[in-house]
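>>> what's the 3D shape of this:
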Amino acid sequence: MRNFIFLSLLFLAACSGEEAKTDDKTTGKKLANEGSLESEMKAIDSEIQSSGQQATSMRYTKENGAFIVVNAHLNEAGKIIKIEEDYSDGDGANSGRNSFYLKDEKVFASREYYSDMSAHPASFVDRLSYYDKNQKVVKTQEKRVEFEEELDRVEYQDVALKGITMDRAKKVLDQSGEFETFFQGFVNVQALNYIIIGSKNSESWVSSVRVDYEDSFIKTLLSDPKKYLNRKVFVAFENITDPTNFQYQSYLSGKFVD
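This next block holds a predicted model:
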């Protein structure tokens, strides 16, 4: 089974890069447009189901078990309407999903669904935040329970205003910052060859892409891996799910971009 082929997602440059503004205040007031915001979120989720268009980032990992992968969902006109950031902080820390709902290329609502391992006892959290046109959070509600199955049985409660930013998700999609893609070598696992790409920092994020055929780019790298170490590259791939439900990134093409 194959899903959507990864794209070079520089189209996110048009999206707002402002950091979400937070506030220690709690507002129990119902927003004048709260009902319409909820309806817009539901409409976006419905449109995603019917459109089925999405672009997926590389899956980045760290040695401590941390990972991050981002999906950008598009409407039929090709505009991003929702971004989902799946992550784990590794070493038994928090893990979950951040979802950003977009209108006119700006976030108007976000949802955090995660396990909060720093809480005592550990908790499952479902948090909704709404934003004004200036990306300032204006209302936050959350559910917090000890057992995940209880989330559907409790109501949202107003809490201190807390916004989140999609800056990291944008970097993942754009392959920028700590998610830049430099050639880090090859790894052979059970007779399968993988190209490793990631930042030059030894403790940074890396991604592995399975190489099932050797084009001229791969042959160049294989001819002298040390020579090309830390060269900036672009690697196109697609996500594959094999008959055993094993998922991996499959190499399509590559090039030097430095």
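>>> and the gap between residue 67 and residue 76?
For residue 67, the distance to residue 76 (CB to CB, to the nearest Å) stands at 31 Å. Using the backbone N, CA and C atoms, a C-beta is placed for each residue, glycine as well.
>>> ok, those two, which is more surrounded?
residue 67 (17 against 10; other CB atoms under 10 Å).
>>> from residue 176, how far off is that one?
18 Å.
>>> cool, and residue 254?
Counting by CB to CB, the gap from residue 254 to residue 176 is 18 Å.
>>> just residue 101 next, same as before
Taken as CB to CB, the span from residue 101 to residue 176 is 23 Å.
>>> show me which of the two is the more surrounded one.
residue 101 (22 against 14).
>>> could you give the bridge partners of the nearest residue to the more buried one once chain neighbours are set aside?
Excluding its sequence neighbours, the residue lying closest to residue 101 (CB to CB, 6 or more residues apart in numbering) is residue 109, at 4.3 Å. Under the criterion DSSP bridges, residue 109 forms beta bridges with residue 101, residue 130.
>>> pretty sure residue 207 contacts residue 195?
No: Residue 207 lies out of contact with residue 195 (CB atoms under 8 Å); the separation is 9.1 Å.
>>> between the two ends of stretch 192-210, what distance do you get?
Stretch 192-210 has an end-to-end distance of 7 Å (CA to CA, to the nearest Å).
>>> mean confidence for that stretch?
Mean per-residue pLDDT for stretch 192-210: 91.
>>> with stretch 158-169 instead?
95.
>>> tell me which element the spatially most central residue of the chain falls in.
With distances taken as CA atoms, centre = their mean, the chain has residue 70 as the residue nearest its mean C-alpha position (2.2 Å). Taking DSSP states H and E as the criterion, residue 70 maps to strand 67-74.
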